[in-house]
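I would like the atomic coordinates for the input below:
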Amino acid sequence: MDDLKATMFIAGTGMRAQGTRIKVISENIANGDSTAQTPGGDPYRRKTITFANEMDRALQADVVRIEEIGEAPGAFDLEYDPSHPAADPETGYYKLPNVNTLIEMTDMREANRSYRANLQVIETSKSMISQTVNMLR
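Numbers count the residues shown, from 1 in each chain. Modelled structure (predicted):
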């Protein structure tokens, strides 16, 4: 039964990691149209998430953890509209966020599938524990 508990714990860390990933993706989608607050300023910059394996000494197994929530590098696209509140007063251009909704939705779908796969591992482990207890009665 210790192996099944370890399996559930490992899957739980995966669910937590994917849950955080979904939150980051949701923030990116929500701010996909957020321009700068000041003229000529930078708009919302897409957030990224990095995972890492970590050895859990008690379980003697690798578990996933969030290594970093960072920002995507790169230049912003520009759009010309001198009347926009975020437009640079000299050039008339304002910067657009570096968020691509199609990429975010694809990442969201992948994170959701991974979350569900980890949930299925937990449900299967619980079922195996229950069956083992019933057999021992």
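
Spatially central residue for the chain, please.
residue 21 (1.4 Å; CA atoms, centre = their mean).

That one is in contact with residue 109, isn't it?
No. Between residue 21 and residue 109 there is no contact under CB atoms under 8 Å: 11.6 Å. All C-beta atoms are positioned from the backbone trio N, CA, C, and that covers glycine.

In the protein, where is pLDDT below threshold?
Scanning the chain for pLDDT under 70 picks out 1.

which residues in it form helices?
Taking DSSP state H to define them, one finds helices in the chain at 2-30, 101-136.

Identify the residues contacting the closest residue to residue 129 other than its chain neighbours.
The spatial neighbour of residue 129 that comes closest, neighbours along the chain excluded (CB to CB, 6 or more residues apart in numbering), is residue 4 at 5.3 Å. Applying CB atoms under 8 Å, 6 or more residues apart in numbering to residue 4 gives the contacts 125, 128-129.

contacting residues for residue 67?
Residue 67 makes contacts with 50-52, as judged by CB under 8 Å, 6+ apart.

likewise residue 90?
Taking CB under 8 Å, 6+ apart as the contact definition, residue 90 lies against residue 40.

Renumber starting at 375 from here on
Noted, 375 is the first residue going forward, which turns the last one into residue 464.

any idea which of the helices of the chain is most buried?
With neighbours taken as mean count of other CB atoms under 10 Å, these reach their highest mean count in helix 376-404, at a mean of 17.

what inclination does it have with respect to helix 475-510?
Here helix 376-404 runs at an angle of 160 degrees relative to helix 475-510 (axes from the mean of the first three to the mean of the last three CA atoms, to 10 degrees).

gap between helix 376-404 and the chain center?
Mean-position distance between helix 376-404 and its chain equals 9 Å (CA atoms, centre = their mean, to the nearest Å).

and if you look at stretch 409-426?
On CA atoms, centre = their mean, the centre of stretch 409-426 falls 15 Å from that of its chain.

Give me the buried positions along that stretch.
409-410, 417-421, 423 (16 or more other CB atoms under 10 Å).
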